[in-house]
Structures are given as structure tokens and as C-alpha cells.
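below are the sequence and a predicted model; questions follow.
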Amino acid sequence: MKRNLVILGVLLIAGLLLVGPASAAKVIDKHTQTVYSSTFGYGTLSFTTYKINSKYIKVMLNIRYKNGKSGKMTLDFKKISSKKIKVIGTYRTAWGNGKYTYIEKTRWSVSKYYTNDARYELRDLSS
């Protein structure tokens, strides 16, 4: 009986550890659009934006062309000081992989920066 309680307790703790971080993220934006590339033709670009906390937003982008080519990209927006937001982009596609980083100088919070600037840039993406 005591052994069963220990096993049950370990499983409960493991389950809470797995569920905890995922439930902390809140979806704040979703968008899907048709894109065109002269190289790959027509495709679909979709992204979902998650607010992790007041100083961190993560955007997950997926693109899939009708010819079968696809790619994924993540954008991380982190408030690193009162006047700076660090943007880290990582992409993995059939036509190349890479990572870039830049610092945006602004007094806005990460949420305000995403809502007023980055969201519109993401919605205007075309290949």
C-alpha cells in the first residue's frame, strides 16, 4: 500500500511538471494567410503568438507551399532593460537554416511593441 502511494505521488509530481510550463503560455494572436513566391509558387503562412510572461513573447510561424516545401520559424521578444527589447529569430526551412538577433530601442513593453509594431509586420510578410 505504501509503495503504491509513493508511485502515485511520483506520477502526480511528474505530471504537474509536464503540464505547468505549457499552461503558463497564453495565446494572444493567430493568423493565416496565402503567400506567393516566384521560386515555390503559392503557399500558406500561419503563425501563433504566445505570451509567456510580461517580459517575453514567442511567435511560432509555419509556412507550407503547394509544391511540398515547408519551413518553421520562431521569434522571441524579450525585454532586456527599460529601453531595449531583444528580438531573436530562428528559422529552419527546406531552403536554408539560420538565426539572427537584433536589439530594438523602445520604452514600450513587450506586449505593446508586439501589438503596435511586430504584429503588422508579420501580417504583411510575403515571400
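Nice, thanks for sending it over. For clarity, every value in this text was computed on a predicted model and none was experimentally measured.

mind listing what's buried in the helix or strand containing residue 42?
Applying DSSP states H and E as the criterion places residue 42 in strand 41-53. Across strand 41-53, burial judged by 16 or more other Cβ atoms under 10 Å covers 43, 45, 47, 48, 49, 50, 51, 52. The C-beta positions use only the backbone N, C-alpha and C, and glycine is treated the same way.

parallel or antiparallel, list what pairs with it.
According to DSSP bridges, strand 41-53 forms sheet pairs with strand 26-37 (antiparallel), strand 56-65 (antiparallel).

tell me which residues are up against the helix or strand just after the last one.
I take that to be strand 56-65. Following strand 56-65 in sequence order, the next helix or strand is strand 70-81 (DSSP H and E). With contacts defined as Cβ atoms under 8 Å, 6 or more residues apart in numbering, strand 70-81 is touched by 54-64, 85-95, 103, 109-110, 113-114, 118.

parallel or antiparallel, which strands does strand 70-81 pair with?
Here strand 70-81 has these sheet partners by DSSP bridges: strand 56-65 (antiparallel), strand 84-93 (antiparallel).

ok, and the closest non-adjacent residue to the residue nearest the centre of the chain?
Centroid-nearest residue in the chain: residue 59, 2.3 Å away (criterion: Cα atoms, centre = their mean). Counting by Cβ to Cβ, 6 or more residues apart in numbering, residue 75 is the residue found nearest to residue 59 once chain neighbours are left out, at 4.1 Å.

what about the one you found, how many neighbours?
Residues near residue 75, counting by other Cβ atoms under 10 Å, number 20.

ok, now residue 40?
Counted with other Cβ under 10 Å, residue 40 comes out at 20.

who's the closest residue to it other than its chain neighbours bridged to?
Distance criterion Cβ to Cβ, 6+ apart; nearest residue to residue 40, sequence neighbours excluded, is residue 65 at 4.2 Å. When bridges are called by DSSP bridges, residue 65 pairs up with residue 43.

need the pLDDT of residue 65.
Here the pLDDT value assigned to residue 65 is 93.
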